[in-house]
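> Provide a 3D model corresponding to the input given below.
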Amino acid sequence: MAMTGYCVKCKAKDREMKNVKIVEMKGKGDVVRKAATGECAVCGTKMYKILPKDFDEKAFDEENAG
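Predicted coordinates for the structure are as follows:
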């Protein structure tokens, strides 16, 4: 399953992201949070989605490999 998010330009929820990369960002109290960055599959606008604390990056990488 591909990563989805909200596209501000299209104003569409659950828009598929392409070229997804998992990045780390600094959260409240110097806690590191994971986020996904990518592009909207329709219009090409940059998208950003903050991921849940229990996000499994290894499962995501295995699912999207190939």
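> Next up, identify which helix or strand the most centrally placed residue in the chain is on.
The chain has A36 as the residue nearest its centroid, 2.6 Å off, counting by C-alpha atoms, centre = their mean. According to DSSP states H and E, A36 maps onto strand 32-40.
> pLDDT weak spots in this protein?
By pLDDT under 70, the weakly predicted segments of the chain are 1, 61-66.
> Run through the helices of it in chain order.
57-64 (DSSP state H).
> Tell me which residue of it is furthest from the middle?
Max radial position in the chain (C-alpha atoms, centre = their mean) goes to G29, at 22.3 Å.
> If the residue nearest to the centre of the chain is in a bridge, with which residues?
Note on A36: beta-bridge partners I22, K49, judged by DSSP bridges.
> my guess is it meets Y48, correct?
Yes - using C-beta atoms under 8 Å, A36 is in contact with Y48, at 7.4 Å. In short, each C-beta sits where N, CA and C put it, glycine included.
> any residues in contact with both of the two?
With contacts defined as C-beta atoms under 8 Å, 6 or more residues apart in numbering, the residues shared by A36 and Y48 are G5.
> before we move on, back to that, what residues does the residue nearest to the centre of the chain make contact with?
M3, G5, M17, V20, K21, I22, V23, Y48, K49, L51.
> Just the buried ones among these, please.
M3, G5, M17, V20, L51 (16 or more other C-beta atoms under 10 Å).
> Restricted to strands, list those.
Judged by DSSP state E, strands contain the following of the buried ones among the contacts of A36: G5, M17, V20.
> Closest to A41 out of those residues?
M17 (6.9 Å; C-beta to C-beta).
> re the thing from before, any chance of the ones in strands among the buried ones among the contacts of A36 in CSV, plus distance to E57?
Converted to CSV, those look like this (distance: C-beta to C-beta, whole Å):
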residue, distance to E57
G5, 17
M17, 15
V20, 11
